[in-house]
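>>> Please work out how this folds:
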Amino acid sequence: MTKGEFGVTRYEAVASDLDKQEMLRLAGALEQNSEHPIAVGIVQKNKYFGHNDPSPPKISKQ
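Numbers count the residues shown, from 1 in each chain. Coordinates of the predicted model:
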């Protein structure tokens, strides 16, 4: 039986300098204002892990 809601069940970071939790936190920061069902699932997973206030990283031009 399904609930009709998207959720994150498994995720991996593919960059060697980024761990799984940081990757999820960054994804949540990017998706925090989106209403897309997959974005909502990412944000909910962040809240589950206590990443309640994800802030997007500062990006500088080089």
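
>>> mind checking the SS state of Ala27?
helix (DSSP: H, G, I helix; E, B strand; the rest coil).

>>> Figure out how far the lowest-mean-pLDDT helix or strand in the chain is from the centre of its chain.
Lowest by mean pLDDT, DSSP states H and E among the helices and strands of the chain is helix 20-31, with a mean of 89. Averaging C-alpha positions (CA atoms, centre = their mean, to the nearest Å) puts helix 20-31 4 Å from its chain's average.

>>> now swap in stretch 26-46 and tell me
Using CA atoms, centre = their mean, the offset of stretch 26-46 from its chain centre is 5 Å.

>>> can you give me the helices for the chain?
With helices called from DSSP state H, the chain shows them at 20-31, 37-48.

>>> now for those, which one comes closest to Lys3?
Minimum separation from Lys3 across the helices of the chain (CB to CB) falls at helix 37-48, 11.4 Å. Where C-beta positions appear, they are placed from N, C-alpha and C, glycine not excepted.

>>> what's the angle from the closest one to helix 20-31?
130 degrees (axes from the mean of the first three to the mean of the last three CA atoms, to 10 degrees).

>>> quick one: which of the helices of the chain is nearest Phe6?
helix 37-48 (4.1 Å).
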